[in-house]
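> one predicted model, sequence on top.
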Amino acid sequence: MTNDTSHPDLYLLGGVSPALEATLAERFTLYREDPPATTRAIVGGGSSVVDAALLDRFPALEIIAIHGVGYDGIDLAATKARGIAVTTTPDVLTDDVADLAIGLMLAVQRRIVANDRAVRDGGWQVDLARRASGRRIGIFGLGRIGKAIAERAAPFASALHYTARSAKPDFAGVFQADIASLAAACDVLIIAAPGGEATSHIVDAGVLAALGKDGILVNIARGSLVDEPALVAALQNGTIAGAGLDVFADEPAVPDALKAMNQVVLSPHQGSATVDGRAAMAALVIANLDAHFGGKALLTPL
């Protein structure tokens with residue numbers, strides 16, 4: 001049984017904070033399981049999948065509000081055909097994700113996690129690290145997050161390189177036409193591009209070989225961009241020197257081989273996981289929903 005029209009039916013697809021759920025409950029009738037055909041809104045995360053089959057279950061659906069910036073799991077052709085609005089929460093998590101990218105870059109190069117573990121185990125033998133300054137840093141994807149990473153990376157870089165859909169005349173970096181060229185030009189390769197078919201496994205064995213034995217891979221984008229078995233092999237064989245990973249191919253599953261490597265720093269997809277960032281994301285989800293059901297313009301539509 002659904003609630004009256006003052007509390008439209010909303011499907012919670014994925015986890016949200018207790019505070020956001022409580023705020024949504026003030027405005028909507030919430031469903032985590034078995035949402036009715038009268039569902040008018042979906043709130044999901046950046047990894048949520050809303051395909052045509054799911055959309056067909058909700059003839060009354062009006063809006064999908066994503067609690068994040070990823071939308072590669074949304075069938076945008078189907079939502080457009082149906083006139084269903086889709087919103088994300090850009091900008092408010094940009095700084096947090098960019099900060100984590102730099103943190104992973106430093107942690108891998110300076111062996112922070114491996115040495116922390118050694119001290120906790122009673123050791124004091126230094127596991128020699130790599131100098132983090134003066135490195136050639138490449139960024140794959142120069143959207144909001146990529147540009148924020150570039151700003152933070154610049155003080156560490158002897159040169160900044162990037163690959164994007166097109167060269168950016170206003171960006172003080174060297175444009176590389178493709179990711180293989182970018183990897184060959186860099187010591188540190190940071191992945192900051194969207195997921196989806198166009199970028200699936202774009203970091204493959206060839207790209208990792210081009211990055212080279214002194215190279216570091218940092219991924220704060222989507223696990224789908226990296227051929228994970230190829231990455232494991234490259235790390236095991238010394239094809240590259242290390243990796244800092246916040247995202248994985250089959251989250252929350254992480255290959256045991258990666259867990260066993262001291263030259264790898266692992267993070268549980270926590271790019272936006274700050275108190276400040278999550279509060280701002282939740283507020284933007286609510287603001288978009290309020291705007292839609294209040295007949296006003298959406299704040300951050302796709």
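Alright, I've got the coordinates.
> residue nearest the centroid of the chain?
A221 (3.6 Å; Cα atoms, centre = their mean).
> and the strands in this protein, which stretches?
Under the criterion DSSP state E, the chain carries strands at the ranges 9-13, 29-31, 41-45, 63-67, 85-87, 135-140, 157-163, 174-175, 188-191, 216-219, 242-245, 264-266.
> nearest to A107, out of those?
Distance to A107, taken as Cβ to Cβ, is lowest for strand 264-266 among these, at 4.6 Å. C-beta here means a position set from N, CA and C on the backbone, and glycine is covered the same way.
> residues touching D227, list them.
Going by Cβ atoms under 8 Å, 6 or more residues apart in numbering, D227 touches 201, 203-205.
> switch those over to CSV, and while doing so, append pLDDT and neighbour count to every line.
Formatted as CSV, the contacts of D227 follow (pLDDT from 0 to 100; neighbours: other Cβ atoms under 10 Å):
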residue, pLDDT, neighbour count
H201, 98, 15
V203, 98, 27
D204, 98, 16
A205, 98, 15
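> those residues in helices, which ones?
A205 (DSSP state H).
> show me what contacts Y31?
Residues near Y31 by Cβ under 8 Å, 6+ apart: 9-12, 39.
> tell me how many other residues crowd T300.
By the measure other Cβ atoms under 10 Å, the count of residues near T300 is 19.
> roughly how far does the spatially closest residue to it that is not a sequence neighbour sit from D72?
The spatially closest residue to T300, leaving aside those adjacent along the chain, is T87, at 5.3 Å (Cβ to Cβ, 6 or more residues apart in numbering). To D72, T87 is 15 Å away according to Cβ to Cβ, to the nearest Å.
> who has more neighbours, these two?
Each of T87 and D72 has its neighbours counted (other Cβ under 10 Å); T87 has more, 24 against 17.
> okay, that one: pLDDT?
In this model, T87 is scored at 97, pLDDT.
> you'd agree it is up against D290?
No: T87 lies out of contact with D290 (Cβ atoms under 8 Å); the separation is 11.4 Å.
> compute the number of surrounding residues for the closest residue to A167 other than its chain neighbours.
With sequence-adjacent residues excluded and distances taken as Cβ to Cβ, 6+ apart, A167 is closest to F175, at 4.1 Å. Using other Cβ under 10 Å, F175 is surrounded by 16 other residues.
> tell me who's in contact with F175.
With Cβ under 8 Å, 6+ apart, F175 has these contacts: 161-164, 167-168.
> what pairs with it across the strands?
Beta-bridge pairing of F175 under DSSP bridges involves Y162.
> and the gap between it and L182?
Taking Cβ to Cβ, one finds F175 at 9 Å from L182.
> find residues that contact each of the two.
161-163.
> pLDDT value on L128, please?
Per-residue confidence at L128 stands at 82 (pLDDT).
> what is the burial count for the spatially closest residue to it that is not a sequence neighbour?
For L128, ignoring the flanking residues on the chain, the nearest one in space by Cβ to Cβ, 6+ apart is R111 at 7.5 Å. For R111, the count of nearby residues is 20 (other Cβ under 10 Å).
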